[in-house]
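Enquirer: sequence and computational prediction follow.
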Amino acid sequence: MRKLLSLLFVLISSAVISQNKITISGKILEKGTENPLESATVYFSKVSDSTVIDYTISSINGDFNLEILKPKQAVELKISYAGFKEYKQLFSELNESKNLGAIYLEENIAALNEVVVKGEAPPIRIKTDTLEFNASSFKVAPDANVEKLLKQLPGVEIDEEGTITVNGKEVNNILVNGKPFFGKDGKIATQNLPSNIIDKVQVTDTKTKKEELTGKTASSDEKTINLTIQEDKNKGLFGKVNLGYGTDERYESSLLLNYFKGARKVSVLASSNNINSTGFSMDEIFDNMGGGRNRSIWISDNGMFSVNGMRFGSNQGITQSNMVGVNYADEWFNEKVDPNFNYYFSNAETKNNNRTERINLLNNGNTLTKSNSNSLNTVNGHNLGLELEIKIDSTTTLFVSPNFQTSHAKNTYSSYRTTEDETNTLLNENIADEYTVSDNTTFKNNLYLVKKLKRKGRSIAASFDFSHQKATDDATIYNKTTFYQSGSTDDERNQLIADENKTNTYEVELEYNEPITDSLSISISSAFAVDKNDINKNTFDFDGTSQEYNLFNDQLSSVINSEKQVVSPRAGIELNKKNFRGSLSMGPNITHYYNRSFYMANETELRNNYILPYFRTNFRYKINKSKSIYFNGTYRVNLPSADQLLPFENLSNPLNTIIGNPDLKPNENYSMYFNFNNFDFATRSGMFMWAGGDYNKYQVVSSTTYDNDFKAITTFQNIDEAYSGYLGISFSKQYKKEKRTLRYRLSISSDYNFNKGLTNAVLYESRGLNLRPRASLNWSIEDLITISPSYTYTNTKTTYKNYVVDEAKNFRHNANLEITSYWPKNLVLGSDFSYNYNSNIADGFQKDFYLWNLSLGYNFYNDKFLAKVKVYDVLNQNISTTRTISPTAITDEQNTVLQQYFMFSLTYKLSKFGGKEKKSRRFWH
């Protein structure tokens, strides 16, 4: 019912809007020759404040057709084309559709003589597949960062989680001068680069490196933003330094320095804090403090965060982290070589106390497992990466991207766990103390060579991918398990476990692309890949006589070797029309799969040969300027893992013995995704619908049986089917009058999953449904105040078949209110308030809590310094409790979180450029 009401609201709104629209059309020609001008930018703006109303471009015949809302005030039509004078036409009233006929543009002699007046650049320009915004045409505060500039661009939105969309399409790649800036997610760039150095903001379809170098169209439906730096600002030094100290010895510090000189860019990052932050967000209101709006880089309040795929801390607790990073980008040998170099050093220490209660769902009576644990984890990591694009000649490019990562970690862990039945009778008890030293090393490299041949679109490409990973764990453990019901012997272990896991992968591929017509092309390719994995586990018992771990335990030691060799011929076709693009690729994976185990002096070998089909397709249809449809679908076959196949007893867990099943079949997976996007630039409203899902045949699942002590024996089986799906719809709208802006977004999403498994030799079924309606509002008066309330309701229901329980339910409320005030001058006040409620969490766990963060900042010394007083968790209520409902268990969990602290911080902004500041700017807002 809620979905129908949401859809009805959207349809009624669309109908009302369409009745107030008019269409302006015409034909753009070159004066004198009367040649049509293709891709001229055509846009309407308000005379009062130059706000862009809507825009389009001319067709190959010079025709344009622009649909806009009936303006209530005077507007101006403007047409711009490179090398020609701008055309302007004033309309004091415009109440009906008009055909303006032929419009002649006059050649700009000044432009031909390279006398360019930058202030005359149009705010928006469309170049083939690139949407380009002129940054100087959009008004932002003098000290604003790039994120604030993006928020002013028509069609660009940034939501509460920091996700950027352009005309409804998500941005997943941000570049600076065409190169990554500390990773492709770009959040470091958008939050820290000053907006006044940006010349152009260019939006294109996101391409893989292969698509980029071969000239293929993008297969994804996501967008890339490229920020170009102004010429007179492309030489200089700028950055930020932040220091803060507070109660409970909480502290933060971060540094970002950037040096530009032409194509050369050197950036340095550094941070140190103990407030669960990477130290790079440098939010103008809360710096690195998390828990409210500052969510775009760190992931959660409980300690897990990442930058460019590098994770810091664990997934719970309080983390003290340190990091240093360097990024270098340049152009060498007359722009023939483009290097991009990154290095990071990271150090993190995470402490956590965990309390968990898990209801284990069974067909003959549930059990309850309670546990308490303490952990301390420290890790040091190095990450060295290089991207090198070498233009060998005008038609040949070599791309090389080696990466080296290494980490050294130490983990101390202790826990106490009990399991009891429904009558509170104790079944087993476990005590564990562990100390683990881990070393991980990864080296990988990708080489990609492309040769473009004489005919446009014809190319040949070769690639070689290599990866080597080695992980070693040396764990000293004391583990005692007591069994109370079956009479089984108690299990006590005092051991040293030495694990080594090595993985090597190699893949070589050749591909040929041939255009059939200007819009149709085919490709053929063949790849050969090898994937080798070796796992060695050696366990030594403690010798009380020698006081050393030197007694080899063959029952808990094993060797597993696995190797896949795959030949993958492929044939593909691609169609690229003005309003339609699509591709199809298919072929077999001819696979030899070898697995070996050596356990208790017994060797087991499994050899299998498969011919597995592969299919992938995607298409995008552009209905008109605002509406589009995107679809992708994949069929693939996945092989069971070695430990699922090899039939030896894995006794490493005293409460769960695992045995493989050599008769498992491969899993067939069907996957699809679809979306419909409708962003109406004229009304600043958008609707986005999405749906997708997976269907699995012969899915591999666990088959577990329990004895009277709740000790398990697990093997693996294929089930006939399992599937999952998701769908959603969102609607957004913006109203703007002078300096006041109101935006709202309504959405509802849901997902469904159907799973099967085996417990005590009985087949169970679970059906899970999640429903999430959400509403958010943003009201602002420019440079004065912003108020952003939001609310999310999450309802979870899972039904079961062949369990003692028939269903499990839970719902959550999450309400937020973010307020930012810039009045009076030089003062910045921020308030983030949230309320969270978890309905069915177990007794003994707190169901709800409030989190309120406050910040008061003062700018001084020409805005170069910013002093702040911040309070985290004003009400001192922050907690971390979660309920997770799965097909086999209902789990309630509580972890350590940051508690209330006060902090004073000081930020210094450095900005020194070689060029002169502009004396005036034209503003479009």
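Expert: Yep, it's here.
Enquirer: how about whichever strand or helix holds residue 570: buried residues?
Expert: Here residue 570 sits within strand 558-576, counting by DSSP states H and E. Neighbour counts over strand 558-576 (16 or more other CB atoms under 10 Å) mark 558, 560-566, 568, 570, 572, 574-576 as buried. C-beta: built from backbone N, CA, C; applies to glycine.
Enquirer: next: stretch 360-371.
Expert: Quick answer for stretch 360-371 (16+ other CB under 10 Å): 360, 361, 362, 363, 366, 367, 368, 369, 371.
Enquirer: and for stretch 459-473?
Expert: 459, 460, 461, 463, 465, 467, 468, 469, 470, 471, 473.
Enquirer: among those, name the ones in strands.
Expert: 459, 460, 461, 463, 465, 467, 468, 469, 470, 471, 473 (DSSP state E).
Enquirer: what would the residues you listed look like in a markdown table with distance to residue 203 and pLDDT?
Expert: Output for these, formatted as a markdown table (distance: CB to CB, whole Å; pLDDT from 0 to 100):
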| residue | distance to residue 203 | pLDDT |
| --- | --- | --- |
| 459 | 26 | 94 |
| 460 | 31 | 96 |
| 461 | 27 | 95 |
| 463 | 28 | 95 |
| 465 | 30 | 96 |
| 467 | 33 | 97 |
| 468 | 38 | 97 |
| 469 | 36 | 97 |
| 470 | 41 | 97 |
| 471 | 40 | 97 |
| 473 | 46 | 97 |
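Enquirer: same list, the residues you listed, but as a markdown table with distance to residue 534 please.
Expert: What follows is those, written out as a markdown table (distance: CB to CB, whole Å):
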| residue | distance to residue 534 |
| --- | --- |
| 459 | 38 |
| 460 | 36 |
| 461 | 32 |
| 463 | 26 |
| 465 | 20 |
| 467 | 14 |
| 468 | 12 |
| 469 | 11 |
| 470 | 10 |
| 471 | 11 |
| 473 | 15 |
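Enquirer: per-residue pLDDT, residue 231?
Expert: Listed pLDDT for residue 231 reads 81.
Enquirer: residue 293 now?
Expert: 60.
Enquirer: same deal with residue 37?
Expert: Confidence score, pLDDT, at residue 37: 89.
Enquirer: try the one 3 residues further on
Expert: Residue 40 is assigned a pLDDT of 86 by the prediction.
Enquirer: assess the claim that it and residue 60 are in contact.
Expert: No: between residue 40 and residue 60 there is no contact under CB atoms under 8 Å: 11.4 Å.
Enquirer: average pLDDT for the helix or strand where residue 319 lies?
Expert: Using DSSP H and E, residue 319 sits in strand 318-329. The average of the pLDDT scores along strand 318-329 is 91.
Enquirer: and the helices in the stretch 501-650 of the chain?
Expert: Per DSSP state H, counting those that start in this stretch, the stretch 501-650 of the chain carries helices over the ranges 642-645.
Enquirer: same thing with the chain?
Expert: Secondary structure of the chain, counting by DSSP state H: helices at 2-19, 109-112, 146-152, 187-192, 209-214, 642-645.
Enquirer: compare residue 40 and residue 60 (neighbour count), which wins?
Expert: residue 40 (24 against 10; other CB atoms under 10 Å).
Enquirer: pLDDT-wise, what's the bottom of the buried residues of strand 558-576?
Expert: Lowest pLDDT among those: residue 576, 91.
Enquirer: quick one: that one and residue 218 touch, right?
Expert: No: taking contacts as CB under 8 Å, residue 576 lies outside contact range of residue 218: 10.1 Å.
Enquirer: quick check: phi and psi on residue 333?
Expert: Note on residue 333: its backbone torsions stand at phi 50, psi 60 [degrees, to the nearest 10].
Enquirer: how many residues are close by it?
Expert: Per other CB under 10 Å, the neighbour tally for residue 333 reads 8.
Enquirer: same thing with residue 423?
Expert: As a burial measure, residue 423 scores 6 neighbours (other CB under 10 Å).
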